[in-house]
Structure formats: structure tokens, C-alpha cells
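S.K.: Sequence and computational prediction follow.
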Amino acid sequence: MIGIIDYGAGNLHSVLKAIDRLGYETKLITKSSDHDESVTKLILPGVGNAKVAMDVLNETGLSDYIKIEVSKGTPLLGICLGMQLLLETSEEGNVECLGLIKGSVPLFKETVEKVPHMGWNQVKDVQNHFLFHQIPQNADFYFVHSFYANATEEKDVLGGTNYGFDFASVIGNEQVMGVQFHPEKSGKHGIQLLENYCK
């Protein structure tokens, strides 16, 4: 069963529907007591503000729940804001995040063409990670974001995208992963990525 963390994120239901269409059983987790032993993987969706999101996660105990589950070996996938919350700090509200991956989340600078970065853009698989199984190199995915992941360690950068400069659009390892784009809105490649994670 796939547990989806429910803290009021705007893309919650589109992620839920995408996983349901793939044929996987899902469970919404709004508090730590919602967990049961049949949940084998977690997804942290996200649209919104990092500080507001972390306030909700902290107030509901979900931040501790996520950290405990990760420490037990449960896989976790963060999507968009959910990816950014995996890092240590975000400039969006100058907030401390989950700290599961070393790094920070800065705002795109004025040197890029336009903020937010919105629309289709290519993602390069840089580590032959299983998330990209059966997805062509430099496939297009759908982005909407003004802040981006700045992972401290190169080994944590799984995929890259160029938007005036190269930034990490996929981060993580074999257990904790995050994608800056919206796979649930990215057509067949996005659905394939979700399938790769779920199985």
C-alpha cells in the first residue's frame, strides 16, 4: 500500500488519482496514527509555501512520523514542494525543513528568464537511477516552481534540468527521492516514473 501524506497540498488528489490508476492501493495519512503496517512506501506531494507546509507537518506530528518511517527503511518520494521539504532549509519563509537530504532551497535569481519556472522542460538522468527506467534521456516533464533544490552532495543529484543554469530536478538515493516537476501532470513519462517508484 502507498501512503500519501495529507497536509493540505494542492496536488494531493491528482497524485492520489494517478496512483489509483496504476492499480496500487492508497491510504491518506493526515496524522501519525493513520499509519498501518500495510503501508510500504510514502509519497509527500506538494504545492504551496514551504513555511506553511512545515508548520502543518510539525503541528500534526507528520514531520516526526516521516523521519521515523524513513529511519525504519520506508521509501519516500517527494513531489514539487514535497521534494524541497526533504532538504535542510528553504529560503521560502526561511524555514527549517525535514533534513533528510543535505542542502538548501534558494529562490531563482533575476538572471533566469522568468520566475516562476513554469511549463515543460527536459530532465537528464545523471545516475541511471531506477526512477528513470523505460524513460528516455532528456524526457520532458511539467514544472511549476520559484525555488529550487541545491543539494550539498553531488551523489544526491539524480537528475538535472537547465533553466538559465543547471539545477537538480531530481534528488535522493535508493530510499529517499524527490522530483521538482509534477509527474502526475507529465503524461506517459510522469506516469512511468510513478510506476517505477511504486513497484
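M.R.: Cool, the structure landed. Fair warning: this is a prediction, and the values are worked out from it, not measured in the lab.
S.K.: Report the separation between the two terminal residues of stretch 123-140.
M.R.: Start and end residues of stretch 123-140 are separated by 6 Å (C-alpha to C-alpha, to the nearest Å).
S.K.: got it, and stretch 122-129?
M.R.: 16 Å.
S.K.: So which bits of that stretch are buried?
M.R.: 123-127, 129 (16 or more other C-beta atoms under 10 Å). The C-beta positions use only the backbone N, C-alpha and C, and glycine is treated the same way.
S.K.: Sort out which one of these lies nearest residue 148 for me.
M.R.: Closest approach to residue 148 among the buried residues of stretch 122-129 (C-beta to C-beta): residue 123, at 13.0 Å.
S.K.: Shouldn't the closest one be within a helix?
M.R.: No - looking at residue 123 with DSSP: H, G, I helix; E, B strand; the rest coil, it is strand, so not inside a helix.
S.K.: State the distance from it to residue 161.
M.R.: 5 Å (C-beta to C-beta, to the nearest Å).
S.K.: anything in contact with each of these two?
M.R.: Residues touching both residue 123 and residue 161 (C-beta atoms under 8 Å, 6 or more residues apart in numbering): 169, 181.
S.K.: what's the neighbour count on residue 15?
M.R.: 26 (other C-beta atoms under 10 Å).
S.K.: okay, it: pLDDT?
M.R.: With respect to pLDDT, residue 15 has a value of 94.
S.K.: can you check residue 113 too?
M.R.: 80.
S.K.: In which helix or strand does it reside?
M.R.: When elements are assigned from DSSP states H and E, residue 113 belongs to no helix and no strand.
S.K.: so what's the residue lying closest to it once chain neighbours are set aside up against?
M.R.: Computed as C-beta to C-beta, 6 or more residues apart in numbering, the closest residue to residue 113 that is not its neighbour in sequence is residue 164, at 6.3 Å. Residue 164 makes contact with 108, 111-113, according to C-beta under 8 Å, 6+ apart.
S.K.: let's go with 10 Å and repeat that
M.R.: For residue 164, the contacting residues are 108-114, 117, by C-beta atoms under 10 Å, 6 or more residues apart in numbering.
S.K.: now, which of these sits nearest residue 146?
M.R.: Nearest member of those to residue 146, counting by C-beta to C-beta, is residue 108, at 5.9 Å.
S.K.: In the chain, where is pLDDT below threshold?
M.R.: For the chain, applying pLDDT under 70 flags no range at all.
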